[in-house]
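1. starting from these lines, generate the structure:
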Amino acid sequence: SVVGQAGLGVNTENTRSYTTGAVTIGKSERSLKEIPQTVTVLTAQRIKDQNITTLNDVYGLVPGVVTYGALNGDNQPYARGFEIDNFQINGIPIPAGTSTGITSLNWSDLISYERVEVLKGSAGLFQGAGSPGGAINLVRKRASSDFKLSTVTQAGTWDNYRQEVDVQGALNEEKTLRGRLATSYNTRRYFYDGGKSKRASTYGVLEFDLNPDTLLSAGFTYQNADNRSTMDWGLPGYKDGSKIDFKRSTNLSSPSDYNDVESTQYFFEAKHQLNDDWKATLATNYTRFNLDALYSNTGGQIDPIDNSGAYNWAEGRGENNYQYNTDLFLNGNFDMLGHRSEAILGANISHSKRVAGRYDVTNYNGAYDFIPDILNFTPPKYARTNKYRTTTSTLDQQGLYGSLRVNVFEPLDVIVGARVSWFDYKQDQRNELNGRHVKSDMQTNAKVVPFYGLVYALNPNWSTYVSYAEIFTPQLNVETVDGSALTPRS
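-> This is a model prediction of the structure:
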């Protein structure tokens, strides 16, 4: 059975509920009816009941979110016509446009998280630079003071097998030190020939009550995903738009295709209750993300009469990335001119670096530039050879933000906020064949992003709202005719 919202708090584990009493995507704990933007929450119960195992699974279950991308699980979500490239973990923003977060997050196993919060619309107040499509906040599981051990075994079609083990409990008699360790292992094949994947994930956290007012948390998340001969873009069609009569099991990816992703994140969080009304939070994480891949694609202008005109193309990739993010904020309640009010003040900083290589593959002297009959084509095996390009990029972001919420009279809350952002991106692209460098950079200084909102409570269960939110998107690698950088989109 599933229960409703009455009596629920912010944590959704063990509530048996498909809804929540509050969300934390806005830095403070607020019920859904008090937020002047559209927010959807996938609770622990729903994640369990619907066997939602990756963030990629989440995208298909959130109203108003569609995906575009690869069949192997690396899909990009879109909402309101824009890509959602703003991600948060426990409210800490993962800056948009950094390869240390986006690819690995789409493949992220949800063994580490107890709920997923999805906001649609601009999230610039707490996020910084990004797209106006929305933001996704992954909330980590916490450690209980009671001993609990759970295991889940799943089996499905196409040899899809998954095992989970989750153990938690107190580590001292006073129960001031608690720990939790969760791990999962998943292997699967697909309805098409040759494709197979495996994914291993481990999550660990320690929580320590330093005193009755201070909670310290530290832990890690590790994930390794291996994909072999998985289709990225599906099958081609005829040039007139009609479908080709492929067998259902047809796979035009090379048997040598692989995509290996490894990510490790370490995190620390400190929360201190200053008094009955005010709380301070410091959170930081460090992430490493490595990618090794060789992928191929079959496409082209295929003639519906003789099935000719297709091509097969391949390339190798390798990436090494790291990123750190730190967020410090203060939130609390106070009376202003006799009205209940809430304020949030904070700052965050992030730094990321990406080193990405592109590689040639075995040269077949143009043998697959023109395929005479796509219905009788067998993709060749490729091997990665020489690196032809290395791209090194760094991204630094800093921001100061604040928000004020005032209950001007009993049913009406007014929210005003603003963020000041600094953005610094640098890229160096080296041609490994001739040693030439192409450098580019973009800076944005003291960019102000406002937020305004009104929430009118109609009754204890319903409210109506209106809001205005902005966000800015730096246009990286896009220049004017004279070579100067374009101003950010906002």
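2. run through the residues that contact residue 222.
-> 201, 202, 203, 263, 264, 265 (CB atoms under 8 Å, 6 or more residues apart in numbering). Heads up, the C-betas are built off the backbone N, CA and C, glycines and all.
3. roughly how far does the fifth one sit from residue 357?
-> When CB to CB, to the nearest Å is the yardstick, residue 264 and residue 357 sit 20 Å from each other.
4. of those two, who's got more company?
-> residue 357 (20 against 17; other CB atoms under 10 Å).
5. could I get the buried residue list for the helix or strand hosting residue 387?
-> Assigned by DSSP states H and E, residue 387 belongs to strand 384-409. By neighbour count on 16 or more other CB atoms under 10 Å, the buried set for strand 384-409 is 384, 390, 392-397, 399, 401-403, 405-407.
6. same thing with stretch 59-67?
-> Under 16+ other CB under 10 Å, the buried positions of stretch 59-67 are 59, 62, 65.
7. partner residues bridging the last one?
-> The bridge-partner assignment for residue 65, based on DSSP bridges, gives residue 79.
8. and it, how far from residue 243?
-> Taking CB to CB, one finds residue 65 at 27 Å from residue 243.
9. next one: the second one
-> Using CB to CB, we find residue 62 at a distance of 29 Å from residue 243.
10. on that earlier part again, which of the contacts of residue 222 fall in strands?
-> In strands, judged by DSSP state E, the following of those are found: 201, 202, 203, 263, 264, 265.
11. my guess is the last one contacts residue 286, does it?
-> Yes - using CB atoms under 8 Å, residue 265 and residue 286 qualify as a contacting pair, with a distance of 6.9 Å.
12. more neighbours, those two?
-> For residue 265 and residue 286, the more surrounded residue by other CB under 10 Å is residue 265, and the numbers stand at 22 against 15.
13. and that one, what does it touch?
-> Residues counted as contacts of residue 265 (CB under 8 Å, 6+ apart) are 89, 220, 221, 222, 285, 286, 287, 288.
14. one more time with 7 Å
-> By CB atoms under 7 Å, 6 or more residues apart in numbering, the contact set of residue 265 is 220, 221, 285, 286, 287.
15. which elements pack onto the strand holding residue 387?
-> Where contact means 3 or more CB pairs under 7 Å, 6 or more residues apart in numbering; DSSP states H and E, strand 384-409 is packed against helix 124-127, strand 339-361, strand 412-431.
16. can you redo the ones you listed as a markdown table with mean pLDDT and distance to residue 309?
-> Converted to a markdown table, these look like this (pLDDT from 0 to 100; distance: least, CB to CB, whole Å):
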| stretch | mean pLDDT | distance to residue 309 |
| --- | --- | --- |
| helix 124-127 | 85 | 45 |
| strand 339-361 | 93 | 22 |
| strand 412-431 | 93 | 32 |
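17. quick one: closest of these to residue 33.
-> strand 412-431 (10.7 Å; CB to CB).
18. circling back to that earlier point, of the buried residues of strand 384-409, closest to residue 325?
-> Using CB to CB, the buried residues of strand 384-409 come closest to residue 325 at residue 397, 8.9 Å.
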